[in-house]
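Peer 1: make a model of this:
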Amino acid sequence: MKKVAELVFIPGPAVGHLASAVEMANLLIGGDERLFITVIVMKGPFDTKTSIHTQPMSEDPNSRIRFVELSYQESKPGVHLITTLTENNKTRVRDVAAGIQTNRLAGFVVDMLCSCMIDVADELGVPSYVYFTSGAGFLGLMFHLQSIHDDQNIDITQFKDSETELSIPCFANSVPSKVLPSMVLYNQDECSLFIAIARRLRQTKGIMVNTFMELESHAVKSLSDGKTPPVYPVGPILNLKSGERSHQSDAIMSWLDDQPPLSVVFLCFGSMGSFGKEQLKEIADALECSGYRFLWSLRQPPPKGKVELPKEYENPQEVLPEGFLERMAGMGKVIGWAPQVAVLSHPAVGGFVSHCGWNSTLESMWCGVPMAAWPQYAEQQMNAFEIVRELGVAVEIKMDYRKDTRREINPVPLTAEEIETGIRKVMRDDGEIRKKVNEMKEKSREAMMEGGSSYNSLGRLIEDVIKNMDFHS
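Peer 2: Residues are numbered from 1 along each chain as shown. Below you'll find the model as predicted:
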């Protein structure tokens with residue numbers, strides 16, 4: 001009888017992390033018939049409709065992936081919402097994992113934000129792996145900041161508002177300190193949490209990174225220094241379905257069908273992306289002055305002081321300049337939710353104004369659409385630096401822009417002139433940037449094919465999982 005190995009996946013309690021983890025789980029079971037996976041879905045405070053990603057496999061009797069959903073429990077406030085929620089679920093996760101036959105439990109695969117679950121794996125005597133949903137550059141940054149903090153006693157928050165340029169091994173160019181993540185610059189408790197997570201990641205058996213060698217070769221090679229666990233570039237791991245078809249998505253695609261090739265700039269800022277009325281006016285003015293056709297995903301910010309996802313506007317006209325929609329009726333379309341991959345795949349789309357979330361960055365590479373970088377929060381400023389300065393696949397709108405409602409970081413709205421300049425740069429470019437992006441489009445697909453860099457990396461990972469299971473049996 002063949003040996004069976006079962007991995008317990010613990011995605012972060014956010015729909016983007018869950019969707020990516022499910023795609024990763026599918027890759028693993030597709031790579032070896034001995035693998036089975038239990039995905040533990042920790043519900044967060046938002047209604048994120050996780051069933052879209054879990055239901056199809058849950059209903060398949062032949063699926064080697066099963067889902068265990070843990071209901072949302074109110075948590076005492078902590079330094080970071082997701083890590084606090086994860087910490088409070090450790091006992092329930094242990095109970096689920098303890099129900100798996102000991103001789104088939106091969107280990108835990110924890111989200112980068114769920115490193116505390118390594119404690120549960122240690123308690124059960126099985127190895128831990130990490131599924132890192134950001135890029136290799138950001139992983140290298142985490143390890144570097146942790147190293148200089150612990151080994152050189154450097155206080156990372158000293159770089160707040162600094163013009164210092166940092167030498168970081170995972171980047172070929174010096175890094176402006178102003179693009180470091182907000183959490184390490186503006187809050188000592190969150191900086192300490194960031195450093196603690198990096199320490200825990202070093203204790204794992206391996207780190208799966210959602211990237212591919214051809215995109216981040218310098219960063220990946222810098223992580224092969226013997227000081228970190230093995231790194232497996234296994235991407236791009238994308239959810240290419242973008243949700244269910246609807247009248248709304250059909251209307252968007254129908255509008256794009258009527259536009260000339262490469263004529264439309266697409267503006268979309270992720271599931272958390274929204275702006276106040278003052279900034280919306282500047283964006284609208286920029287679009288009108290640029291003269292380019294546009295598709296603009298417009299979301300309503302949550303009420304001040306509330307932690308909620310942005311919602312659809314019932315009447316966008318209320319927050320846009322008077323007469324804007326009427327004047328732009330023949331040139332642009334303002335929408336709410338966007339089927340992002342489908343939009344980026346459309347031949348009419350020539351540029352993408354983005355918040356530089358890592359999933360969006362990989363999707364733009366996959367679809368061959370150059371980006372104009374306008375980061376908002378989390379690691380997005382670092383992503384913007386990487387794609388603009390390191391990789392040359394994007395133009396800059398404002399690389400160090402920060403939108404952070406939890407702290408006293410109040411950015412001055414970007415002017416229409418700044419935004420229009422970025423739009424013109426990304427739409428006019430028919431040279432080096434568009435060429436590089438189209439090369440990455442081909443390389444991203446080749447990486448996932450048999451014999452490709454990510455395909456081979458996945459194979460090495462599976463071999464190591466089975467080997468480590470034999471060692472711990």
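
Peer 1: which stretches of the stretch 301-450 of the chain have low pLDDT?
Peer 2: In the predicted model, the stretch 301-450 of the chain carries pLDDT under 70 at residues 305, 307, 404-411, 429.

Peer 1: the helices in the stretch 151-300 of the chain, which residues?
Peer 2: Counting by DSSP state H, counting those that start in this stretch, the stretch 151-300 of the chain has helices at residues 182-185, 188-201, 217-222, 247-257, 277-290.

Peer 1: ranking those helices by burial, who's on top?
Peer 2: helix 182-185 (a mean of 23; mean count of other C-beta atoms under 10 Å). The C-beta positions use only the backbone N, C-alpha and C, and glycine is treated the same way.

Peer 1: what separates that helix from the chain centre, distance-wise?
Peer 2: 18 Å (C-alpha atoms, centre = their mean, to the nearest Å).

Peer 1: so for that helix, mean pLDDT?
Peer 2: Average pLDDT, helix 182-185: 92.

Peer 1: with just CA atoms, put it into PDB.
Peer 2: Coordinates of each C-alpha in helix 182-185 appear next as PDB, following Å, rounded to 0.1, in the frame of the first residue of the first chain:
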ATOM      1  CA  SER A 182       4.500  51.400   7.900                       C
ATOM      2  CA  MET A 183       4.400  48.800  10.600                       C
ATOM      3  CA  VAL A 184       8.200  48.900  11.100                       C
ATOM      4  CA  LEU A 185       8.500  52.600  10.900                       C
END
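
Peer 1: what helices or strands is that helix leaning on?
Peer 2: Packing partners of helix 182-185 (3 or more C-beta pairs under 8 Å, 6 or more residues apart in numbering; DSSP states H and E): helix 188-201.

Peer 1: may I have the helix it packs on as CSV, with CA atoms only?
Peer 2: What follows is helix 188-201, C-alpha atoms only, in CSV (Å, rounded to 0.1, in the frame of the first residue of the first chain):
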residue,chain,number,x,y,z
GLN,A,188,7.4,50.0,18.1
ASP,A,189,5.0,47.2,19.0
GLU,A,190,4.2,46.4,15.4
CYS,A,191,7.9,46.6,14.5
SER,A,192,8.6,44.1,17.3
LEU,A,193,5.9,41.8,15.9
PHE,A,194,7.4,42.1,12.4
ILE,A,195,10.8,41.1,13.7
ALA,A,196,9.4,38.2,15.8
ILE,A,197,7.6,36.8,12.7
ALA,A,198,10.9,36.9,10.8
ARG,A,199,12.6,34.9,13.6
ARG,A,200,9.9,32.3,13.5
LEU,A,201,10.1,31.9,9.7
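
Peer 1: how about residues contacting it?
Peer 2: 79-80, 83, 112-113, 115-116, 118, 130, 132, 139, 142-143, 145-146, 149-150, 156-157, 181, 183-185, 207, 229 (C-beta atoms under 8 Å, 6 or more residues apart in numbering).

Peer 1: show me the contacts for residue 44.
Peer 2: 13, 14, 72, 81, 82, 85.

Peer 1: can you tell me the SS state at it?
Peer 2: coil (DSSP: H, G, I helix; E, B strand; the rest coil).

Peer 1: tabulate the CA atom coordinates of stretch 149-162 in CSV.
Peer 2: The C-alpha coordinates for stretch 149-162 follow below in CSV (Å, rounded to 0.1, in the frame of the first residue of the first chain):
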residue,chain,number,x,y,z
HIS,A,149,17.8,44.5,14.8
ASP,A,150,19.1,41.4,16.6
ASP,A,151,22.7,41.3,15.6
GLN,A,152,23.5,45.1,15.4
ASN,A,153,20.9,46.3,17.9
ILE,A,154,19.5,48.8,15.3
ASP,A,155,16.1,50.3,16.1
ILE,A,156,14.2,50.1,12.8
THR,A,157,11.8,52.9,13.7
GLN,A,158,14.7,55.4,13.6
PHE,A,159,14.3,55.4,9.8
LYS,A,160,10.9,57.1,10.1
ASP,A,161,11.0,60.3,8.0
SER,A,162,14.6,59.6,7.1
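
Peer 1: residues in contact with it: which ones?
Peer 2: Contacts of stretch 149-162 (C-beta under 8 Å, 6+ apart): 145, 148, 166, 177-178, 180, 184-188, 191, 195, 199.

Peer 1: just give the closest residue to residue 469, not the sequence neighbours.
Peer 2: Once flanking residues are discounted, residue 469 sits nearest to residue 106: 4.3 Å by C-beta to C-beta, 6 or more residues apart in numbering.

Peer 1: give me the angle between the helix or strand hosting the one you found and helix 188-201.
Peer 2: In this structure, residue 106 sits in strand 105-111 according to DSSP states H and E. Interaxial angle of strand 105-111 relative to helix 188-201 (axes from the mean of the first three to the mean of the last three C-alpha atoms, to 10 degrees): 150 degrees.

Peer 1: to the chain's geometric centre, what's the distance from the helix or strand following strand 105-111?
Peer 2: Next in sequence after strand 105-111, counting helices and strands by DSSP H and E, comes helix 118-124. Chain-centre distance of helix 118-124: 26 Å, with C-alpha atoms, centre = their mean.

Peer 1: buried set for helix 118-124?
Peer 2: 118, 120, 121, 124 (16 or more other C-beta atoms under 10 Å).

Peer 1: tell me which of those is nearest to residue 370?
Peer 2: Taking C-beta to C-beta as the measure, residue 118 is the one of the buried residues of helix 118-124 closest to residue 370, at 38.8 Å.

Peer 1: show me how far the host helix or strand of residue 85 is from its chain's centre.
Peer 2: Using DSSP H and E, residue 85 falls within helix 81-87. The chain centre lies 18 Å from the centre of helix 81-87; the measure is C-alpha atoms, centre = their mean.

Peer 1: which helices and strands sit right next to the helix or strand that that helix is followed by?
Peer 2: Proceeding N to C from helix 81-87, the next assigned helix or strand is helix 90-98, under DSSP H and E. Packing partners of helix 90-98 (3+ C-beta pairs under 8 Å, 6+ apart): strand 5-10, strand 35-42, strand 65-70, helix 118-124.

Peer 1: can I get those in JSON lines including mean pLDDT and distance to residue 285?
Peer 2: Formatted as JSON lines, these follow (pLDDT from 0 to 100; distance: least, C-beta to C-beta, whole Å):
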{"stretch": "strand 5-10", "mean pLDDT": "96", "distance to residue 285": "45"}
{"stretch": "strand 35-42", "mean pLDDT": "96", "distance to residue 285": "42"}
{"stretch": "strand 65-70", "mean pLDDT": "95", "distance to residue 285": "45"}
{"stretch": "helix 118-124", "mean pLDDT": "96", "distance to residue 285": "49"}
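
Peer 1: please identify the most buried of the ones you listed.
Peer 2: The most buried one of the helices and strands packed on helix 90-98 (mean count of other C-beta under 10 Å) is strand 5-10, showing a mean of 24.

Peer 1: list of residues touching it?
Peer 2: Strand 5-10 is contacted from outside by 21, 24-25, 28, 34-40, 42, 86, 93, 96-97, 100-101, 104-111, 114, 117, 129, 131, 465-466, 469, using C-beta under 8 Å, 6+ apart.

Peer 1: could you rerun that using 7 Å?
Peer 2: 21, 25, 34-40, 93, 97, 100, 104-111, 114, 117, 465-466, 469 (C-beta atoms under 7 Å, 6 or more residues apart in numbering).

Peer 1: tilt between the next helix or strand after that strand and strand 105-111?
Peer 2: Going down the chain from strand 5-10, the next helix or strand is helix 15-31, by DSSP H and E. Counting by the same axes, to 10 degrees, helix 15-31 lies at 150 degrees to strand 105-111.

Peer 1: nothing else from me, thank you.
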